[in-house]
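1. sequence first, then the predicted structure:
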Amino acid sequence: MGKPVFGGMTLAHGDTWRIARARLILPDRVIVGGADIRGDRIERLWAGDELPDGAIDFEGDFLLPGLIELHTDNLEKHLLPRAGAAWPALPAMLAHDAQLVAAGITTVLDALSLGDLEQDGGRIDTLRNALIALDEARDHDLLRCEHYLHLRCELSWPGLLELAEPLMIRKDLRLLSVMDHTPGQRQYHDVRQYRTYYGRSGISWSDEEFAAVLAERREQQSQHRDLQLAGVMRLAHRHGLLVASHDDTDVAHVDEAVDVGARISEFPTTLEAAQAAREHGLHIVAGASNLVRGGSHAGNVAAITLARAGCLDILSSDYMPTSLLQGAFILHEQAGWTLPEAVATVTSTPADVLGFGDRGRLGEGLRADLLRVRMHRTQSVVRSVWVAGAQRL
């Protein structure tokens, strides 16, 4: 066997299996070597190009920790694949779960919306069914990756606090984000984007109707937003929950996030906002899909710009799970980050921020959430996935 990387441990038999001839992406370097897995843990990491009997030969493929996703709307796409076409929740959950594993995601925070400014948008109706399906799938061991919750709190929606409070006791709840999608600011500073978004959900307005909608949404914001922001933060503090701001666009948005106690700036829409978040020590989340596409689909700041400015900590796949791994390799190839630094944005950094001390790195004693990744030209390809030592792909 090769020389131990971190001191080594005595090999056991029975439920111990081995990986060899892999390129291990460690927290600070990349080495050729292997790993011994015992049960759900990494027992030993070692350096060298030996191929012990019975080991899985990686043939030079990368071995890296399973990806950690803190914000994906992917489940909603399966629950409502077309406008007005709701899908049964349990099959939707299982399809979502399978897609995540195929993308290399082993720990996920499913982002579910609490409130929708347009009542016909479908999100409110899917929330209850999604939670029931998640619980059923988990209770019957139907899931391949490990699922937690991220609740997206729509501050200007009148029923937010009534809907949110009963959910605060859920043991799988890890993150709250505070959002305000009122047209005319943040994500929808161009109100045409708001009209286009809901148009995809089957909602259409005449010019006169849309003018009335704008007036109504702004009035709704003035009545509810600040009170409900205070209410959400009270719940977060009472239950010890992490809070993210969402779509920060200017310094004032970031200042407010800091004042109320948010620790994450999720998808800042401008470099100015991202720089303010960096100055305040917030963790900055950017879209991996933005990286893969080469820019924002909504005209916001490009994620590669944030990366080159030192204003990016965590990548999120948002609406396209396969973008998460590809985005990390783009940081390495196009932004000049080392491979360990780039991979950290989808593994160790989100693990640390979310309080998952047992995963996110290749290290002895940590969970065996592992990926085998092969490069095809510049495309990263997930070939195998293990979750807590069990092969899932």
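-> Nice, thanks for sending it over. Residues are numbered from 1 along each chain as shown.
2. quick one: low-confidence ranges for the stretch 201-350 of the chain?
-> 201-202 (pLDDT under 70).
3. show me where the stretch 201-350 of the chain has helices.
-> In the stretch 201-350 of the chain, helices defined by DSSP state H, counting those that start in this stretch lie at 207-239, 251-260, 271-279, 288-293, 303-308, 323-334, 339-344, 348-354, listed in chain order.
4. domain parsing for the protein?
-> The chain breaks down by automatic domain parsing into domains covering 3-64+363-391, 67-354.
5. in CSV, list those domains along with mean neighbour count.
-> Where you see a C-beta, it was placed from the backbone N, CA and C, and this is true even at glycine. Converted to CSV, those look like this (neighbours: other CB atoms under 10 Å):
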stretch, mean neighbour count
domain 3-64+363-391, 17
domain 67-354, 19
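6. could you export stretch 282-289 as PDB, CA atoms only?
-> Extracted C-alpha coordinates of stretch 282-289, given in PDB (Å, rounded to 0.1, in the frame of the first residue of the first chain):
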ATOM      1  CA  LEU A 282     -21.500  37.600   4.700                       C
ATOM      2  CA  HIS A 283     -21.200  34.300   2.900                       C
ATOM      3  CA  ILE A 284     -21.900  35.000  -0.800                       C
ATOM      4  CA  VAL A 285     -23.800  32.500  -2.900                       C
ATOM      5  CA  ALA A 286     -23.800  32.700  -6.700                       C
ATOM      6  CA  GLY A 287     -25.500  30.600  -9.400                       C
ATOM      7  CA  ALA A 288     -23.600  27.700 -10.900                       C
ATOM      8  CA  SER A 289     -26.100  27.900 -13.800                       C
END
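7. coming back round to it: out of the helices of the stretch 201-350 of the chain, which is closest to Met93?
-> Met93 sits nearest to helix 323-334 of all the helices of the stretch 201-350 of the chain, at 19.2 Å, using CB to CB.
8. contacts for that closest one?
-> 67, 69, 103-105, 287-289, 291-292, 303-304, 307, 312, 315-317, 337-339, 341-343, 345-346, 371, 373, 375, 378-380, 382 (CB atoms under 8 Å, 6 or more residues apart in numbering).
9. so how far is Ile105 from Glu136?
-> Distance, Glu136 to Ile105, using CB to CB, to the nearest Å: 21 Å.
10. which one of the helices of the stretch 201-350 of the chain lies closest to Gly33?
-> Set against Gly33 and scored by CB to CB, the helices of the stretch 201-350 of the chain come closest in helix 339-344, at 14.6 Å.
11. who touches the closest one?
-> 25-30, 64-65, 328-329, 331-332, 335.
12. pull the CA atoms of that helix into CSV?
-> Provided in CSV are the C-alpha atoms of helix 339-344 (Å, rounded to 0.1, in the frame of the first residue of the first chain):
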residue,chain,number,x,y,z
LEU,A,339,-9.1,22.8,-8.0
PRO,A,340,-9.4,22.4,-4.2
GLU,A,341,-10.5,26.0,-3.9
ALA,A,342,-13.1,25.6,-6.6
VAL,A,343,-14.4,22.3,-5.3
ALA,A,344,-14.7,23.8,-1.8
